[in-house]
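**Q** generate coordinates for the sequence data below:
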Amino acid sequence: MTGRSLGWAVVGNGENRRVTLFAEAARAAGIGTPRLVEWRDVLRDGGHTFADDEIVRLDSPGENVEVDRHLRGAVEPTRVEGSARWYARFLDAVRSLRGGIRLDDPDELAVLFDKRLCHARLTAAGVPVPASPTSGGALPVRGWDDVRAAMREHGMPRVFVKPAHGSSASGVLAVETGAGGRIRATTSVEVTPDGLHNSLRVRRYTDEREIAGIVDALAPDGLHVERWLPKASVGGRTADLRVVVVAGRATHAVVRTSRTPLTNLHLGGARGDLAAVVALAGASWTRALAVCEAAAACFPRTLCVGVDLLPATGWRRFAVGEVNAFGDLLPRLTGLPGGPAEGLDTYAAQIAAARTAVPLPSPAPHPTEPRNDHARP
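**A** Here you go, the predicted structure:
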């Protein structure tokens, strides 16, 4: 793309912070302000057509109440149920876009937004992931009884139960069992008389009937179950990392720490000291970044992904928890020292990569994702 005059566009919501930061990075790079196409207009008009030489970046539609209501079919934006409907309607909206040079591939988005398919693709590529009986859709989860059976049959006393199409830890339960039938689920789900809502407060349930009720309510939308891996700690707090990979290279990383199993920053997690983590990992830090790049390589037609990296105790082994299509919202964070995006934020890094890259090929359909009953530990 070097030397060519190209237009830029972003499909998103005008009030999204991601859109604002991307526009600021574009102006700083001297390409002007990208044209904003609102998701609500795409949904209302049944699609949108871009110029063939227009570079198009997609942004998350889920941070706008009106758009989320249309996709999910729920009046309250905090409602957890409806993720399967959201997924289907979101993919329809993405595939209604025509023309342009896409930085996000529709077929790869379909995998990124289904944790079962994503897990199977990572496993097939040899990327270390937590073991999962639901990888690739191998085990349909109809409710709590299926979760309990899977925990027994696969020897998993501690698991994460995740909505297959969820994000931001909405609907996720960290379930642990103990002697004497003890059970505990840590989650941001709040049970109300009119259904399940995602709150900003992490809570714990110890009554199995309550836990079963939550899982049974979420199951119709699809659930993914995976082994809960013991994670490393830093400063006395459980830690994992969000690593942004742009054009195949790990460019940015943030440490997320928490006193609960959920490290999401909006749920009370805090940024940790990356320099301390790099020192703890030592020579294994290079391996950590390589694992993230291997995960991103499973999605070669998507310019940027955010990889959730799970460090094992001791900071010597790593697994990938999730790969996020819109995992680049890391304000005030510049690129890793010595890396290809040193001194750049995540959006400036994407713009620089897109300006120099060869246009991505037209999307080709992927074969059916493999069913996998033996995910790697």
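**Q** would you check that Ala296 makes contact with Gly248?
**A** Yes: at 6.3 Å, Ala296 counts as touching Gly248 under the criterion of C-beta atoms under 8 Å. The C-beta positions use only the backbone N, C-alpha and C, and glycine is treated the same way.
**Q** the more surrounded of those two?
**A** Ranked by neighbour count (other C-beta atoms under 10 Å), Ala296 and Gly248 place Ala296 first, with 26 against 15.
**Q** which residue is the nearest non-sequential neighbour of the more buried one?
**A** Val245 (3.7 Å; C-beta to C-beta, 6 or more residues apart in numbering).
**Q** what about that neighbour, neighbour count?
**A** 27.
**Q** list the residues that contact Val307.
**A** By C-beta atoms under 8 Å, 6 or more residues apart in numbering, the contact set of Val307 is Arg242, Val243, Val244, Val245, Cys292, Ala295, Ala296, Val320, Glu322, Val323, Asn324, Gly327.
**Q** can you list phi and psi of the third one for me?
**A** I take that to be Val244. phi -90, psi 130 (degrees, to the nearest 10).
**Q** now the fourth one
**A** For Val245, the backbone dihedrals (degrees, to the nearest 10) come out as phi -120, psi 120.
**Q** please apply the same query to the first one.
**A** With angles defined as degrees, to the nearest 10, Arg242 shows backbone torsions of phi -100, psi 120.
**Q** pLDDT value on the residue nearest in space to the middle of the chain, please?
**A** Residue closest to the average C-alpha location in the chain (C-alpha atoms, centre = their mean): Asn324, at 2.6 Å. Looking at Asn324, its pLDDT reads 97.
**Q** tell me the contacts of it?
**A** Leu112, Ser167, Arg242, Val305, Gly306, Val307, Asp308.
**Q** quick check: bridge partners of it?
**A** Gly306 (DSSP bridges).
**Q** any idea how far it lies from Ala297?
**A** Distance of Asn324 to Ala297, given as C-beta to C-beta, to the nearest Å: 15 Å.
**Q** and what of Leu58?
**A** 20 Å.
**Q** which residue is the nearest non-sequential neighbour of Ala97?
**A** Quick fix: residue 97 is Leu, not Ala. His48 (5.6 Å).
**Q** show me the contacts for the one you found.
**A** So His48 contacts Val11, Val37, Asp41, Val42, Ser96, Leu97, Arg98 (C-beta under 8 Å, 6+ apart).
**Q** distance-wise, check the third one relative to Asp104.
**A** Just to be clear, that refers to Asp41. Here Asp41 is placed at a distance of 18 Å from Asp104 (C-beta to C-beta).
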